[in-house]
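**Student:** Need coordinates for the following:
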Amino acid sequence: MNRLFQAIANDEVLSERWAELGIARRKAFLYLGLFCFLLVIYSISIPSYVKFLAVEPARGYGFGEVMKPLLGSSLVLALPFGVLAYFDETWRSSDAARVIIGAWVAVYFGISAQHDKLCPMGAVIPLLPFIFSAQIAHTVGTFFQPAKLDDIKSTHRP
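**Tutor:** Below is the predicted model:
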């Protein structure tokens, strides 16, 4: 896997294209690492959720009962977003959104290849709490950045 990362990082054509898009090598590695992490978690949690919906029809369930199986996955998925927002001042929620959607699309196409009649809504439902938890973690990570905490402390000193 390390060779793959090095090959991607040292490719001049890709580096030029990323520079045009405003993506530095460091951010590209963050994108790729987060994408791989999300791919693993999504490929575990989304198929199990689709099976949950198939076995337990949502009729008569409230919103909380339908979202309960996604709570643990949402908390696990929130961690890297909070960490990235805390340690990287250039990391934006729009960066996270691109990676979330890309990983979801990849997993959706993988799942839809296995299930002939998969409704996209069955796979979109788990995406909503994942996005919500990522946004909360990003906000918390951004708020507690060391530079921002220093600014807050300096403004409140007598």
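
**Student:** show me what contacts residue 86?
**Tutor:** Residue 86 sits next to 141-142, 144-145 when contact means CB atoms under 8 Å, 6 or more residues apart in numbering. No exception for glycine: its C-beta is placed from N, CA and C like everyone else's.

**Student:** Longest helix of this protein, counting residues only.
**Tutor:** helix 25-55 (DSSP state H).

**Student:** for it, the distance to its chain's centre please.
**Tutor:** Centroid separation for helix 25-55 versus its chain: 7 Å, with CA atoms, centre = their mean, to the nearest Å.

**Student:** ok, now stretch 65-85?
**Tutor:** Distance of stretch 65-85 from the chain centroid (CA atoms, centre = their mean) equals 9 Å.

**Student:** List the buried residues for it?
**Tutor:** Buried residues in stretch 65-85, counted by 16 or more other CB atoms under 10 Å: 66-67, 69-70, 73-74, 77-78, 80-82, 84-85.

**Student:** same check, this time on stretch 126-143
**Tutor:** Applying 16+ other CB under 10 Å to stretch 126-143 flags 126-127, 129-131, 133-135, 137-138, 141-142 as buried.

**Student:** picking that back up, same list (the contacts of residue 86) but as a markdown table, adding distance to residue 118 and secondary structure.
**Tutor:** Compiled in a markdown table, these are given as follows (distance: CB to CB, whole Å; DSSP: H, G, I helix; E, B strand; the rest coil):
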| residue | distance to residue 118 | secondary structure |
| --- | --- | --- |
| 141 | 34 | helix |
| 142 | 35 | helix |
| 144 | 39 | coil |
| 145 | 40 | coil |
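
**Student:** ok so, going back, dump the buried residues of stretch 65-85 into TSV; add distance to residue 114 as well.
**Tutor:** Output for the buried residues of stretch 65-85, formatted as TSV (distance: CB to CB, whole Å):
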residue	distance to residue 114
66	22
67	24
69	19
70	20
73	19
74	23
77	22
78	27
80	26
81	28
82	32
84	31
85	34
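
**Student:** doesn't residue 147 make contact with residue 89?
**Tutor:** Yes. Judged on CB atoms under 8 Å, residue 89 makes contact with residue 147 at a distance of 6.6 Å.

**Student:** Which one's more surrounded, the two?
**Tutor:** More crowded of residue 89 and residue 147, by other CB atoms under 10 Å: residue 89, with 12 against 8.
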